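Engineer: Sequence and predicted structure are below.
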Amino acid sequence: MSSAIPFSAQLINLFAAVILLLAFAMLAQRRVVALINLFAMQGLTLCLSTLVVAVSTGQSHLYYSAGLTLLLKVLLLPWILHRLVRKLNVKSEVEALINIPTTMLVGLVLVMIAFNVALPISELSHTITRGTLGIALAVVMLAFLMMITRQKAITQVVGFLSMENGLFLAATSATYGMPMVVELGIALDVLVGVIILGVFFFQIRDQFDSLDIHHMERLKDN
Amino acid sequence: MTSLLPIDTLLIAACAWLAIGLLGLVAPRNTRFISKTLFPLGAMIGALVGSVALGSLGGPAQTAVLAIGLPDLPFHLRLDNLSAVFAMLLGFVSVGISVFAAGYFRKGEGTAPGLLCLEYHVFLASMLMVLLADDAYAFMVAWETMALSSFFLVTTDHRHEEIRRAGFLYLLIAHVGAIAILLCFGVMTGGAGDYSFAGMRAQQLSPFWASAAYLLALAGFGAKAGLVPLHVWLPEAHPAAPSPVSAMMSGVMLKTAIYGLLRVSFDLLHTTLWWWGVVALVVGLVTALFGVLYSTVQNDMKRLLAYSSIENIGLIAVGIGLTLIFHAYRMEALAALAMTAVLYHCLAHSAFKSLLFLCTGSVLHATRERSLGKLGGLIHRMPWVAWLALAGVIASAGLPPLSGFVSEWLLLQSFLFSPGLPHPWLNMVVPVAAALVVFVAALAGFAMVKFYGIIFLGQMREPGLKDAHDAGPWEKFGLVWLTLITLLLGILPSTVILRIDAATRQLLGTGLADKLHEHGWWMLAPISPERASYEPVIFLVTIAATLLLGRWLVRRLYHGRVRRTSAWDCGYYFQGPRAQDTAEGFSQPIRRIFEPMFRMERHFPTARDAAPYYSVKVEDHFWYWLYLPVARAAGWVSTLVVTLQGGRIAVYLMYSFITLLVLLLVARP
């Protein structure tokens, strides 16, 4: 059975599994610096997986995608985030709204849902990467879960970026990546988004003396 | 060089109105320049619009395509007989109002005069564009411009809380109506995506969709015209606005809504079902009854007139309903009679109601008082205004020989033919409606007696009224102009009907012209002279002769001296102007007879009161039965929705997440 799967596909599946594992690791990680490192590793794995797809299918534009991922998600964004953490002096541990074991259990359920939902879609697809679609969806959901359960604004940004990783993986696995224009656009959006959010962090800290988002509950009407 | 077509002239006139408005912005605080130069200029353009429209009546329809508009969606314009009738109305009535406004707007009252000038002339130009529009897009742009400019005119005195509230209510209902009109146009395109009126005419709609379009049009245009239950903005907005603006809104703007209703139900829709007419008839009757009953019990002169406008719009809707019924049974001659009554009442009402609103403006300026209870005896101080208002009052009460009588008479004449309808149930119901129309006309007379008697006759109720001054020359000219229109419409009905017959002919395929040609200009016999005829000139001459003869006889046979002495005082030692019948007292019988129709808050004095007083406040049932429940429901839904906004980002993210999950699970292939 396993011999039917070509080596490249096995490699892609491996990388996808690593990405999912890293998503769980991020969900469990309490320290901000380690979280950013995990995000960088996820980006690296994504880059490698894209490279493998590119080599095995000969889709040349995927090389650019892989390069873009490497540049943006492995080098630039982690560097910006690290700088922010140092400047904002966020040392304390990440406080979660729900405790970590419960989060992990919810995450497991989400992965099951994701696989269940992705199954009929991947049957329609004819790419060699179609098996990873479920994983991609699971990564998106786990990242979303991380955004919901974390208190610090900076971890929410990491969650957001991780979600983008999941979307990228989904795009690669379902249709060998989005058109280059779209990918470039998204990359630019993410970059600009992070920079703007960085500015906001300073504003939020100046305003509330903390990066804890529950201080912002006061901002609602009446 | 080709000669200038009427439609081009009208377009130039609209542009000129806009230009005058913009000129007002050059020197926004220069009251003299604006009121004595720009407003008279606007009046001249109004005269031009009226004459061009009058001249184009009976001619073929003209179309034009403007370069402006969205890309690939230019404005289509068309001048046909129906638009010409209403453009004529707009032009001629605006002359009187603009000249009056030249004398009315003074320094330091609310909005800067320049801004007012801009809003006023944009209002005029947008109404003209509404009449000329030949696609839904141009129509809606003009319609909304009209609503917005009139909103700003209503809130001229925006420093008062209740005026801002009135403006908001007006804008709200105008938008509800605009949505209905937009949906109506959407239905009439039939999904073809061609939003020009020509495209809509070409559509063959199923009875269901045609009915949907008709009902939407009735709701949408009814909101603008003030049909019950969407009338509540009218009695609020009219007293809030400056008098020339009230006159313009009541006299002309309400008629653009009637125009829209006629355009949709007779021109754009082909099928006509008989129950459409019944709906319009019933809504119109309820509106007319409601309007007239409430107008009799008002104590604010402008509110009284506003409710009277509701009543007149109701009568017009009754006429439209009757036309639709006859039209549905292909009884085109009778439909033409009812349609003539509708158009004639539009013309008549726009002249006499503007006249009356302008008179209240003069009274307001002279006395700074709007409440009827503090006026009285003004005929001694303001003879011009009083005598000109008398013409408006007679027309409004539907008495011969002025304009109101002609249209109401025509309407009742068309009712008299309803037994010929091939439908037993309608045969029974329609005569009841005719009786109600007569009843409305009688009550309208009551309201007008109250309006005129309390303001102008009797003795002055307040000492301050002695300083009241008559209207200035500009104001007098405006009033005289509108009085002349009322008089002309009253004594030359055949001549006028021969002109507006072109519009009836265009909508129904037949008119009254042939029958009128057989008789002379002095006689109005819509069906045949044996059946019914009306000779206004003979009537006028008889009345005038009787009056003069009576006066002469009294002077001659009696001693001719007039002696002033105190009346029998019933044993009361105090007898002053305060002992006169008050506005509240005058309408007390109506309030008592129709008690369930009103929502009243009364305070009666008792024997133990140190400072006894009587007060009555009449309010609208619809406000409590319809509007407040809707407002409360909206508030309740809002409080439910606002709990969703907890302020926690985690919760907000959760909403998106749960939505995503649900969509993923529900939308599985």
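Structural biologist: Here it is on my side, so go on.
Engineer: need the helices for chain A, in chain order.
Structural biologist: Here chain A has its helices, by DSSP state H, at A:7-28, A:32-57, A:61-69, A:77-88, A:100-124, A:133-149, A:153-175, A:180-208.
Engineer: Of the ones you listed, which stretch is the most buried?
Structural biologist: helix A:133-149 (a mean of 25; mean count of other C-beta atoms under 10 Å in any protein chain shown). Using the backbone N, CA and C atoms, a C-beta is placed for each residue, glycine as well.
Engineer: re earlier: out of the helices of chain A, which comes closest to residue B:507?
Structural biologist: helix A:180-208 (56.0 Å; C-beta to C-beta).
Engineer: Helix or strand: which one has residue B:570?
Structural biologist: Assessed by DSSP states H and E, residue B:570 sits outside every helix and strand.
Engineer: For burial, what's the neighbour tally of it?
Structural biologist: 7 (other C-beta atoms under 10 Å in any protein chain shown).
Engineer: what pLDDT does it get?
Structural biologist: Looking at residue B:570, its pLDDT reads 75.
Engineer: circling back to that earlier point, can you redo the helices of chain A as TSV with mean pLDDT and distance to chain B?
Structural biologist: Compiled in TSV, the helices of chain A are given as follows (pLDDT from 0 to 100; distance: least, C-beta to the nearest C-beta, whole Å):
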stretch	mean pLDDT	distance to chain B
helix A:7-28	88	14
helix A:32-57	89	17
helix A:61-69	85	24
helix A:77-88	86	18
helix A:100-124	84	5
helix A:133-149	88	5
helix A:153-175	83	7
helix A:180-208	78	11
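Engineer: for residue B:281, what are its contacts?
Structural biologist: Residue B:281 makes contacts with B:317-318, B:321-322, B:325, B:430, B:433, as judged by C-beta atoms under 8 Å, 6 or more residues apart in numbering or on different chains.
Engineer: Could you find the closest non-adjacent residue to it?
Structural biologist: Leaving aside its sequence neighbours, residue B:281 sits nearest to residue B:321 (C-beta to C-beta, 6 or more residues apart in numbering or on different chains; 3.2 Å).
Engineer: In contact with that neighbour, which residues are there?
Structural biologist: Residue B:321 makes contacts with B:276-284, as judged by C-beta under 8 Å, 6+ apart.
Engineer: Go again with 6 Å.
Structural biologist: Residues in contact with residue B:321 (C-beta atoms under 6 Å, 6 or more residues apart in numbering or on different chains) are B:277, B:280-281, B:284.
Engineer: Drop anything exposed from those residues.
Structural biologist: Buried members of the contacts of residue B:321, scored by 16 or more other C-beta atoms under 10 Å in any protein chain shown, are B:277, B:280-281, B:284.
Engineer: Shouldn't residue B:77 be within a strand?
Structural biologist: Yes. Counting by DSSP: H, G, I helix; E, B strand; the rest coil, residue B:77 is found in a strand.
Engineer: check contacts around the closest residue to chain A within the stretch 351-500 of chain B.
Structural biologist: For the stretch 351-500 of chain B, the residue closest to chain A is residue B:370, as judged by C-beta to the nearest C-beta, at 38.5 Å. Applying C-beta under 6 Å, 6+ apart to residue B:370 gives the contacts B:300-301.
Engineer: Swap in 10 Å and give it another go.
Structural biologist: Contact analysis of residue B:370 by C-beta atoms under 10 Å, 6 or more residues apart in numbering or on different chains lists B:239, B:299-303, B:360, B:363-364.
Engineer: By neighbour count, which of those residues wins?
Structural biologist: residue B:363 (27 neighbours).
Engineer: Can you tell me the element it falls in?
Structural biologist: Using DSSP H and E, residue B:363 falls within helix B:332-367.
Engineer: Now for residue B:173: which residues touch it?
Structural biologist: For residue B:173, the contact set (C-beta under 10 Å, 6+ apart) comprises B:147, B:223-224, B:226, B:230-234, B:236-237, B:627.
Engineer: I meant residue B:352, not that one.
Structural biologist: Residues near residue B:352 by C-beta under 10 Å, 6+ apart: B:251, B:308, B:312, B:389, B:391-397, B:402-404, B:448, B:482-483, B:485-486, B:489-490.
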